[in-house]
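In: coords please:
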Amino acid sequence: MFLKVDELTKKFDKHTVLDRLSFTVEQGELLCVLGPSGCGKSTLLRCLNGFEALDHGQIFLEERNITEELPEERNVTTVFQNYSLFPHMDVLHNVMYGLKFQKIAKKEAAKRSEEMLELLQLKGYGAKRIMELSGGEQQRVALGRSLIVNPKLLLLDEPLSNLDEKLRVTLREELRTILKRLDMTGIFVTHDQKEAFAIGDKILLLNQGKIQQFSDGITLYEHPQNQFVLDFIGEKNQLSPAEYVRPERVILEKNAQGDGKVEKVVFQGETWEYYIRTKDYYWRALALNRSREAGYQVGDRVKLTVQMQELISSKEEK
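Out: Residues are numbered from 1 along each chain as shown. Presented below is the predicted three-dimensional model:
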């Protein structure tokens, strides 16, 4: 196992921030740590890179116990939310910075940095100052500075959160492509579900310092293990404590004798949201926007076909 975290516990005073976390990450795998604000995501990264000491548990990297090692001994690098770039240095020297601690000749360091800039689609940017760059370009420079030292493990603490939505989508695709090309093992912290699904091979969902589910994205969405996961991931129509239906699994058909009546329509660009009242429930349905004419209007009568799902935790209780 490339990275193994065993019973990791972190407390601040008497408050337990991380409670006996155990998980593994394979070589070249990208793990997304997802959860609400204050759940312990960033604290987990600070424990992994050595900035915070553990109260209990162990961390193994390539079967080496790094629990007590100093940050500079771990061969783990971090890309922070604010990038932490040096404004007095140009782009090339920002990327080169980490190499100076490896005693690499300046000529070789410059060559490697130019190659890194080309990989990051920043060829020709070496002489630019940091303040001349866009937010997306700064993010790439920060990534390059962390990657150039060839770390065993790369940690990313919400590195895209300061960017606008369209740029975030573009950069998360580029980020995954670059890390996969380098066979880099990474842990990416985010509060954005779509970002986690797009980047992560696996997702670790935290709440109040505890692991709620650790799985690939499809399993997380299709088979939530408990009520918190169901509430946090996506949307749902919950019919009972055990049964739910995802909005996209509510299929509508125009029918004058249908048991449902459309009470609200919301246009979301690529999708339509419909809110339908039946005798027993108020449903939310989601459909792709294929054509305006094919949509439903407030007041339409519809027939509903639903694909029921059951919570894993309720099955286990049986």
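
In: give me the low-pLDDT residue ranges for the stretch 151-300 of the chain?
Out: 291-294 (pLDDT under 70).

In: hang on, Glu62 packs against Lys152?
Out: Yes - using Cβ atoms under 8 Å, Glu62 is in contact with Lys152, at 6.6 Å. C-beta here means a position set from N, CA and C on the backbone, and glycine is covered the same way.

In: of those two, who's got more company?
Out: Higher neighbour count among Glu62 and Lys152: Lys152, with 17 against 14, using other Cβ atoms under 10 Å.

In: please report how far the more buried one lies from Leu8.
Out: 18 Å (Cβ to Cβ, to the nearest Å).

In: and for Lys107?
Out: Distance from Lys107 to Leu8, by Cβ to Cβ: 42 Å.

In: next: Gly200.
Out: From Gly200 to Leu8 the distance is 19 Å (Cβ to Cβ).

In: thinking again about what came up before, please say which of Lys107 and Leu8 ends up with more neighbours.
Out: Of the pair Lys107 and Leu8, Leu8 is the one with more neighbours under other Cβ under 10 Å, namely 23 against 8.

In: so that one is in which element?
Out: Per DSSP states H and E: Leu8 is located in strand 3-12.

In: any idea how far that strand is from the chain center?
Out: Put simply, strand 3-12 sits 20 Å off its chain's centre (Cα atoms, centre = their mean, to the nearest Å).

In: residues contacting that strand, please?
Out: Outside strand 3-12, the residues that touch it by Cβ atoms under 8 Å, 6 or more residues apart in numbering are 16-25, 40, 43-44, 47-48, 52, 54-61, 153, 185, 209.

In: tell me where this protein has helices.
Out: 41-48, 91-96, 106-119, 135-147, 165-181, 193-199, 217-222, 227-232, 312-317 (DSSP state H).

In: so the fifth one versus helix 106-119, what angle?
Out: With axes from the mean of the first three to the mean of the last three Cα atoms, to 10 degrees defining the directions, helix 165-181 sits at 120 degrees from helix 106-119.

In: gap between the residue nearest the centre of the chain and Gly234?
Out: Centroid-nearest residue in the chain: Ala196, 2.7 Å away (criterion: Cα atoms, centre = their mean). Remark: distance between Ala196 and Gly234 (Cβ to Cβ) = 12 Å.

In: same thing with Tyr296?
Out: Tyr296 sits 22 Å away from Gly234, going by Cβ to Cβ.

In: next: Ala127.
Out: From Ala127 to Gly234 the distance is 46 Å (Cβ to Cβ).

In: what does Leu288 give?
Out: 16 Å.

In: between those two, which one's more packed in?
Out: Comparing Leu288 with Gly234 by other Cβ under 10 Å, the one with more neighbours is Gly234, at 17 against 10.

In: give me the distance from stretch 183-200 to the chain's centre.
Out: 3 Å.

In: ends of it, what's the gap?
Out: Separation of the first and last residues of stretch 183-200 by Cα to Cα, to the nearest Å is 14 Å.

In: now it: buried residues?
Out: For stretch 183-200, the buried set under the neighbour-count rule, 16 or more other Cβ atoms under 10 Å, comprises 184-190, 192-193, 195-200.

In: which of the residues you listed lies closest to Glu263?
Out: Gln193 (27.1 Å; Cβ to Cβ).

In: for the closest residue to that closest one other than its chain neighbours, phi and psi?
Out: Nearest residue to Gln193, sequence neighbours excluded (Cβ to Cβ, 6 or more residues apart in numbering): Ile233, at 6.2 Å. With angles defined as degrees, to the nearest 10, Ile233 sits at phi -100, psi 120.
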